[in-house]
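1. fold the following, please.
(2 chains)
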Protein chains: 2
Amino acid sequence: MLVDGQHYRTIWEHPTPGRPNTSRGGGDTSGGPDTIRIIDQRHLPFEFVIEDLKTVEDFARAITDMHVRGAGLIGAAAGYGMYIAALLPEATNIAAFDAAIELAAKQLTATRPTAVNLTHAVDRQLAAITAAASVQQKRQAALHTARAIADEDAAACSAIGNHGLPLIKKISERKPGQPVNVLTHCNAGWLAFVDHGTATSPIYAAHDAGIPVHVWVDETRPRNQGASLTAWELANHGVPHTVIADNTGGHLMQHGMVDLAIVGSDRTTRAGDVANKIGTYLKALAAHDNNVPFYVALPSSTIDWSITDGLADIPIEQRHPDEVRFIQGAANGKMETVLLTPPDSPAANYAFDVTPARLVTALITERGLCPPREDKILELFPERRQR
Amino acid sequence: MLVDGQHYRTIWEHPTPGRPNTSRGGGDTSGGPDTIRIIDQRHLPFEFVIEDLKTVEDFARAITDMHVRGAGLIGAAAGYGMYIAALLPEATNIAAFDAAIELAAKQLTATRPTAVNLTHAVDRQLAAITAAASVQQKRQAALHTARAIADEDAAACSAIGNHGLPLIKKISERKPGQPVNVLTHCNAGWLAFVDHGTATSPIYAAHDAGIPVHVWVDETRPRNQGASLTAWELANHGVPHTVIADNTGGHLMQHGMVDLAIVGSDRTTRAGDVANKIGTYLKALAAHDNNVPFYVALPSSTIDWSITDGLADIPIEQRHPDEVRFIQGAANGKMETVLLTPPDSPAANYAFDVTPARLVTALITERGLCPPREDKILELFPERRQR
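-> Numbering: from 1, shown residues only, chains lettered A, B, ... in the order given. The predicted structure is shown next:
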């Protein structure tokens, strides 16, 4: 999406494909890039910092320390990390090369052990690289696979936008000249994927199609991904938006100020229960109480086909209490962390909650919309009928 | 309640009644104190600062700049502010004295124009002071009235605690040896009143009676009164508690981790709709969805007997967006304000929302419990049958 009027993905090759590679001293890159670039998201929304990743260690640190985060982007970063591993200039024979690749795979997988897209990406690269015969073919397979992972993520998000767009368009036709008010929670935006995002994708599609939209951005305590990432994305792409405390959505819905809610999903059951950022459930309750449509946008990669009951079967990650006790922001032009609670007061930090399918109007997937019911989900994904 | 093991109210006389007054140079205080002390709450939870108020200007500044805040405490401060006004040493005749008192009343009323307890307190003092004959009698009437306002507030809060205690006791008997988990939102604690608080009063009563209680404290964005005031209160009184992001309560209720919720009220309709800090409605929805009892503790002074429908009839204050965009906390031992959003992103700041009576289990008033229904409320307050 746009940053200062220029199109960016969250991860890209440098030099840009097709241009001569001049920046690397040693190693055969087989015509591929020797550097991968990312947006170091830790500095947002205050600074737009581009970081060069040139080694597996660079990738491992970028994922662990959350320079990049978000389901789709972690997968794409792991894919490119494996490609960079395959450039190892010191690999002299196939056995040594494969051993080094195995090591890189372990190193990357260990960065965020619960992120399912990361494991998928690394496994896919391992299979592709192992299947190729020569070192040069392995490098080409790794580049091809890294690009495929990133492109497929962007394509799935784009498709979600196309499927969600008519929902916004229909509301817009009922209130000509007035903006469609969308509420979203956390960051299921392009910064969490390679491009477009999930919850934001229909919003960007509507905005780009000239439909007036306005987004209520939940700040999303404790990590404030709404205030820092979603607001920044929307501002840069020129989408009108207003940041609100997480407490506010119910009041807005009571007063007809929200036309629809769209959120993302970190894990979805085959029956349509949705685990998403903590607080999503509260907004779903308010939407239900006020007849506001509540949509969940998700690539099918977030569907856990092995489970049905989200409340019983999805484990909820507890993160460090200091993410509640402290908050980070900008003071006098630099990042500062401040304490919010009495120094000795304990805090609890549940990262996600589960929204039961009964509160969800529909899922927006890359294959289209469907009600959050097992039979309807399986109509879109018939290959998953067998568990 | 207790601070470092010592009992405090939020406002008190200095010197303490009964001890000789030696600190004031001029003026006849008729045996009353010449100084009123408050806790300057702007420094909580990081510093416990006691402030001396000696002039009407001191009181006006303390209320306007929120050294003191909260329905009951604003009323008590206005009462004592009028008493301090009545000490005016330059008053030489009754007409000049009454004119000066009228001026002080205007000055105090202007500090927080929407706070209903403030107007009530000032009007009550005006009536008492005007009714007395001599300057000395007026001063005595003002002192008597200021004490009555503060004592009645503390007594109402204490009664709310006594009426709420059996609710907690009953739950405790069902789970012997385990703490009763109470969720509260914002600060309806003793810092908002003269003593005890409203939502916290049954909690303190249970704790003091030896019933194990644990409180989930919503941090309460945007002003964070939960994290900074309620947590501080509970910590100082020794009540176990855990601070949580406002997004968390629904998840806790889904998993049986909340036995009951108790919140306060800023304005209640005669039919039991409740306007309270923004986000209260979301917790009430979650409580309803999970069969968790949801109580609202309130002195009857918050009931607006002229209205029935909270959503239609209670205007919701919008405060400055910078309360959402910025947050205050402690860094390196001093208070610091940091920006949380992109510098140009707008924010909205609705201060309250309305919880419909259908989501409230019962009101806890100073006269006892009642269902949130007009006929039942009027059984407790029969003098209000006529509008």
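
2. shaky segments in chain A?
-> A:17-30, A:90-91, A:113-114 (pLDDT under 70).

3. domains for it, by residue range?
-> A:2-153, A:164-384 (automatic domain parsing).

4. start to end distance for the first one?
-> Right, domain A:2-153. Start-to-end span of domain A:2-153 (C-alpha to C-alpha, to the nearest Å) is 18 Å.

5. and it, does that touch chain B?
-> Yes. Using C-beta under 8 Å from any C-beta of the partner chain, domain A:2-153 reaches chain B at A:45, A:46. Placement of C-beta: from N, CA and C, glycine included.

6. quick one: distance of that domain to the chain centre.
-> With C-alpha atoms, centre = their mean, to the nearest Å as the basis, domain A:2-153 stands 17 Å off its chain's centre.

7. buried sites along the helix or strand containing residue A:128?
-> Using DSSP states H and E, residue A:128 sits within helix A:116-131. For helix A:116-131, the neighbour count (16 or more other C-beta atoms under 10 Å in any protein chain shown) marks A:116, A:117, A:118, A:119, A:121, A:122, A:124, A:125, A:126, A:128, A:129 as buried.

8. a markdown table please, covering the domains of chain A and showing distance to residue B:98.
-> Formatted as a markdown table, the domains of chain A follow (distance: least, C-beta to C-beta, whole Å):
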| stretch | distance to residue B:98 |
| --- | --- |
| domain A:2-153 | 57 |
| domain A:164-384 | 44 |
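
9. okay, those, which one's buried deepest?
-> Of these, the one with the most neighbours on average (mean count of other C-beta atoms under 10 Å in any protein chain shown) is domain A:164-384, at a mean of 21.

10. gap between that one and the chain center?
-> In this view, domain A:164-384 has its centroid 11 Å away from the chain centroid, taken as C-alpha atoms, centre = their mean.

11. kindly check the end-to-end length of it for me.
-> 23 Å.

12. tell me the contacts of the residue nearest to residue A:224 when sequence neighbours are not counted?
-> Among residues not flanking residue A:224 along the chain, residue B:340 sits closest, at 5.9 Å (C-beta to C-beta, 6 or more residues apart in numbering or on different chains). Each residue near residue B:340 by C-beta atoms under 8 Å, 6 or more residues apart in numbering or on different chains is listed here: A:219, A:224, A:227, A:228, A:327, A:329, B:324, B:325, B:326, B:327.

13. where does the fourth one land in three-state SS?
-> This points to residue A:228. Assigned by DSSP: H, G, I helix; E, B strand; the rest coil, the conformation of residue A:228 is helix.

14. that one and residue B:124: what is the separation?
-> With the distance defined as C-beta to C-beta, to the nearest Å, residue A:228 ends up 48 Å from residue B:124.

15. now swap in the last one and tell me
-> The spacing between residue B:327 and residue B:124, counted by C-beta to C-beta, is 37 Å.

16. and the second one, by the same measure?
-> Between residue A:224 and residue B:124 the distance, using C-beta to C-beta, works out to 45 Å.

17. what's the answer for the first one, then?
-> Remark: distance between residue A:219 and residue B:124 (C-beta to C-beta) = 41 Å.

18. orientation of the helix or strand that the helix holding residue A:128 is followed by relative to helix A:116-131 in degrees?
-> Sequence-wise, the next helix or strand downstream of helix A:116-131 (DSSP H and E) is helix A:135-174. Interaxial angle of helix A:135-174 relative to helix A:116-131 (axes from the mean of the first three to the mean of the last three C-alpha atoms, to 10 degrees): 150 degrees.

19. please compute how far helix A:135-174 lies from its chain's middle.
-> Distance of helix A:135-174 from the chain centroid (C-alpha atoms, centre = their mean) equals 12 Å.

20. next structured bit after that helix?
-> strand A:180-184.

21. how about residues contacting the next helix or strand after that following strand?
-> Once strand A:180-184 ends, the next helix or strand along the chain (criterion: DSSP H and E) is helix A:201-208. Contacts to helix A:201-208, defined as C-beta under 8 Å, 6+ apart, come from residues A:1, A:157-158, A:160-165, A:167-169, A:172, A:180, A:182, A:184, A:190, A:196-197, A:213, A:215, A:234, A:237-239, A:262, A:297, A:364.

22. show me which of the residues you listed neighbour chain B.
-> residue A:234.

23. the strands in the stretch 1-150 of chain A, which residues?
-> Using DSSP state E, counting those that start in this stretch, the strands found in the stretch 1-150 of chain A span residues A:2-3, A:6-7, A:11-14, A:35-39, A:50-53.

24. would CSV of these with distance to residue B:356 be doable?
-> Listed next are those as CSV, based on distance: least, C-beta to C-beta, whole Å:
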stretch, distance to residue B:356
strand A:2-3, 42
strand A:6-7, 47
strand A:11-14, 47
strand A:35-39, 44
strand A:50-53, 50
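
25. please identify which of those strands is closest to residue A:258.
-> Among the strands of the stretch 1-150 of chain A, strand A:2-3 comes nearest to residue A:258, with 25.4 Å by C-beta to C-beta.

26. follow-up on the earlier one: hmm, who's touching the helix holding residue A:128?
-> A:63, A:71-72, A:74-76, A:78-79, A:82-83, A:86, A:98, A:101-102, A:105, A:108-109, A:111-112, A:138, A:141-142, A:144-146, A:149, A:267, A:301-302.

27. for stretch A:41-48, same thing?
-> The contact list for stretch A:41-48 (C-beta under 8 Å, 6+ apart) reads A:3-4, A:39, A:49, A:65-69, A:191, A:227-229, A:231-232, A:235, A:330, A:335, B:339, B:341-343, B:345.

28. circling back to that earlier point, any chance of the contacts of residue B:340 in TSV, plus distance to residue A:14?
-> Shown next, in TSV, are the contacts of residue B:340 (distance: C-beta to C-beta, whole Å):
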residue	distance to residue A:14
A:219	33
A:224	30
A:227	30
A:228	26
A:327	34
A:329	31
B:324	38
B:325	35
B:326	37
B:327	37
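
29. and which of those residues is nearest residue A:314?
-> Taking C-beta to C-beta as the measure, residue A:314 lies nearest residue A:224 of those, at 23.4 Å.

30. quick one, what contacts the residue of the stretch 101-250 of chain A at minimum distance from chain B?
-> Ranked by C-beta to the nearest C-beta, the top residue of the stretch 101-250 of chain A for proximity to chain B is residue A:247, at 2.7 Å. Residue A:247 makes contact with B:220, B:221, B:246, B:277, B:278, B:279, B:282, B:353, according to C-beta under 8 Å, 6+ apart.

31. could you rerun that using 6 Å?
-> Residue A:247 makes contacts with B:246, B:278, B:279, as judged by C-beta atoms under 6 Å, 6 or more residues apart in numbering or on different chains.

32. name the nearest residue to it, sequence neighbours excluded.
-> The nearest residue in space to residue A:247 (C-beta to C-beta, 6+ apart) is residue B:279, at 2.7 Å.

33. then residue A:117?
-> In space, and not counting its chain neighbours, residue A:117 is closest to residue A:75: 3.2 Å by C-beta to C-beta, 6+ apart.

34. thinking again about what came up before, out of the buried residues of helix A:116-131, which is nearest to residue B:381?
-> For the buried residues of helix A:116-131, the nearest to residue B:381 is residue A:116 (57.6 Å; C-beta to C-beta).

35. surely residue A:266 meets residue A:275?
-> Yes. Shown here, residue A:266 and residue A:275 form a contact pair, counting by C-beta atoms under 6 Å, at 5.2 Å.

36. quick one: common contacting residues for the two?
-> Both residue A:266 and residue A:275 are contacted by residue A:352, under the criterion C-beta under 6 Å, 6+ apart.

37. where do the strands of the stretch 251-387 of chain A begin and end?
-> Counting by DSSP E, counting those that start in this stretch, the strands of the stretch 251-387 of chain A are A:260-263, A:267-269, A:274-277, A:294-297, A:303-304, A:326-331, A:334-339, A:352-355, A:362-365, A:368-370.

38. nice, that's everything, thank you.
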